[in-house]
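**Student:** Below are the sequence and a predicted model for it; my questions follow.
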Amino acid sequence: MTDFKDLNLKPELQKALAKLHYITPTPIQIQAIPGLMKGSDLIGIAQTGTGKTAAFTLPILHRMKEGYPRTIKTLVLAPTRELAAQIGESFAKYGEFLKFKHTVIFGGVSQGRQVDALKKGVDILVATPGRLMDLLNQGLLTLRDVEFFVLDEADRMLDMGFIHDIKKVIAKLPQRRQSLFFSATMSSQVNMLARSLLRDPIHVEVTPQATTVERITQEVYFVDQKSKDKLLLDLLQQEHLTSILVFTRTKHKANKVAVFLNQNKISAEAIHGNKSQNARTKAIENFKSGKVKVLVATDIAARGIDIDNISHVINYELPNEPESYVHRIGRTARAGADGTAFSFCDAEERNYLRDIIKLIKQELEVIKHKYHSEKAEYAVGDEAKPAKKQGRGQRHRGSKPQGNNSGNSDGSKRSFTKTYKGKSQSRGGKQRRQSTRK
């Protein structure tokens, strides 16, 4: 088995890895690091949670040379503030015993401190495209000395409309540089951008595009929109749901869900683009520390969340882009752990579910419950295929939302029912037969 010592990283990096108790590299690190240490360009297709940040951070730190005055030798572009901040943390951790300085710049906050850090001199700059272009246009930084360029989560960059800023940034980079390109999916537009950026790159793909993490148990709850709050509350009142990330499509809905949960004595905070950076940072810190049980997020705001102990992801609203489903549920089952993803689906979201199933090429397990909606399950035009068991054939122990004999606020018993191949087995009442077909 390969360990980090076999990768021949410089001693300072080995010392940092030992301090972090990192012994065995992930597949993407094993495949990417040797080629990057030789100076090759790279295109990496990797989902979140695969270890791709270390896959590019370590070889860059290995190849960088100290020099004064300090100039920007490494530029990393990331789509969100949270992801940029976490990449900056990675450079700090892995480069603890090296003398390089780094800073992170992003929008949504005053640029004063960021400009001060740049004036003092940095070797590594991690940035979001908008703020980087602002500072470039003001003449407050230059990219003429960049030797290493990383474009992270390129698919999300394009989804967020950053393509023009990215092209402007690339035009300001030196021709001679090492370029690294990472994306979870490879659309035609992403492929065109990669071709324009890279020269004879090595290609690393650690998982098939748009596949879901094997350790994640995926379940769908058909429910009317008006009953989603009650279903969410029933699920969250069960003790084994310990650290939960809830997704909504809009900022407004994220706020409403967070308020509803707090009113029902479940600690929750919302993060989205309208929140200040300080508020978003504080919410994530509270979630990591366990002060807050539930983090309610929109897709863009949650893009950079990298927390190892998220036990459950709940899609309160299904995404209208099926690729977002893969990114959402990938926030659980990280660092080798198992995880569970619940998806609420009302009648108007049936097409979104159909697109998700088509993309991931597997059925989601249907769970019968107190608020079950046949209208949502058998929406017009749907083939209403019966649910199939997933690969392992057994439910993960952390995915038991069926908690029989748990009381509702009205004193009644709650009954969730697990459905396979047209049959149902009630866990909260006597066994009954129920078809998933029309």
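**Tutor:** Yep, that arrived.

**Student:** Sketch out the low-pLDDT regions of the stretch 1-150 of the chain for me.
**Tutor:** 1, 48-49 (pLDDT under 70).

**Student:** any chance you could map the strands in it?
**Tutor:** Using DSSP state E, counting those that start in this stretch, the strands assigned to the stretch 1-150 of the chain run over residues 42-45, 74-77, 102-105, 124-127, 148-151.

**Student:** do the same with the stretch 251-400 of the chain
**Tutor:** 268-271, 294-297, 312-315, 339-345, 365-368.

**Student:** Could you tell me which residues within stretch 357-375 count as buried?
**Tutor:** 357, 359-360, 364-373 (16 or more other CB atoms under 10 Å). (Glycine included, C-beta is placed from N, CA and C.)

**Student:** of all those, which two lie farthest apart?
**Tutor:** Spatial extent of the buried residues of stretch 357-375 (CB to CB) is set by the pair Leu359 and Lys370 at 29.9 Å.

**Student:** ok, Ile105 - how many residues close by?
**Tutor:** Residues near Ile105, counting by other CB atoms under 10 Å, number 26.

**Student:** typed the wrong thing, it's Lys93
**Tutor:** By other CB under 10 Å, 15 other residues sit near Lys93.

**Student:** Over to Ala184?
**Tutor:** For Ala184, the neighbour count with other CB under 10 Å is 23.

**Student:** Please name the spatially closest residue to it (chain neighbours excluded).
**Tutor:** In this structure, Ala184 finds its nearest non-sequential neighbour in Gln47, 5.2 Å apart by CB to CB, 6 or more residues apart in numbering.

**Student:** I figured Gln197 hits Ile170, correct?
**Tutor:** To be clear, residue 197 is Leu; Gln isn't right here. Yes. Using CB atoms under 8 Å, Leu197 is in contact with Ile170, at 6.3 Å.

**Student:** still on that earlier bit, so which of the strands of the stretch 251-400 of the chain is nearest Leu353?
**Tutor:** strand 339-345 (5.0 Å).

**Student:** OK, contacts around Ile216?
**Tutor:** 329-330, 332-333, 338-341 (CB atoms under 8 Å, 6 or more residues apart in numbering).

**Student:** and it, how far is that from Ser343?
**Tutor:** Ile216 sits 11 Å away from Ser343, going by CB to CB, to the nearest Å.

**Student:** for His203, same thing?
**Tutor:** His203 is 32 Å from Ser343, by CB to CB.

**Student:** In three-state terms, how would Ile166 be classified?
**Tutor:** helix (DSSP: H, G, I helix; E, B strand; the rest coil).

**Student:** My guess is it contacts Met157. True?
**Tutor:** Yes. The pair Ile166 and Met157 passes the contact test of CB under 8 Å, sitting 6.2 Å apart.

**Student:** Let's have the buried residues of stretch 357-375 in TSV, adding distance to Phe182.
**Tutor:** Output for the buried residues of stretch 357-375, formatted as TSV (distance: CB to CB, whole Å):
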residue	distance to Phe182
Ile357	26
Leu359	20
Ile360	21
Leu364	28
Glu365	31
Val366	35
Ile367	35
Lys368	40
His369	39
Lys370	43
Tyr371	40
His372	40
Ser373	39
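
**Student:** so which of those comes closest to Met192?
**Tutor:** For those, the nearest to Met192 is Leu359 (21.1 Å; CB to CB).

**Student:** Looking at Ile166 and Met157, which is more packed in?
**Tutor:** Using other CB under 10 Å as the criterion, Ile166 and Met157 rank with Met157 on top: 23 against 20.

**Student:** Any stretches of the stretch 151-300 of the chain with poor pLDDT?
**Tutor:** Those would be 207-214, if you go by pLDDT under 70 across the stretch 151-300 of the chain.

**Student:** returning to what we had before: can you tell me which of the buried residues of stretch 357-375 is nearest Glu147?
**Tutor:** Out of the buried residues of stretch 357-375, the member with the shortest distance to Glu147 (by CB to CB) is Leu359, at 37.5 Å.

**Student:** ok, now which ones touch the residue nearest to the closest one when sequence neighbours are not counted?
**Tutor:** Leaving aside its sequence neighbours, Leu359 sits nearest to Pro322 (CB to CB, 6+ apart; 4.2 Å). Going by CB under 8 Å, 6+ apart, Pro322 touches 210, 352, 355-356, 358-360.

**Student:** 6 Å instead, please
**Tutor:** Contact analysis of Pro322 by CB atoms under 6 Å, 6 or more residues apart in numbering lists 355-356, 359.

**Student:** Gly51 now?
**Tutor:** So Gly51 contacts 26, 28-29 (CB under 6 Å, 6+ apart).

**Student:** on that earlier part again, for Lys265, which of the strands of the stretch 1-150 of the chain is the nearest?
**Tutor:** That would be strand 102-105 among the strands of the stretch 1-150 of the chain, by CB to CB, at 36.3 Å.

**Student:** Can you pull out the residues in contact with the closest one?
**Tutor:** Residues contacting strand 102-105 (CB under 6 Å, 6+ apart): 84-85, 88, 91, 114, 117, 122, 124, 126-127, 131.
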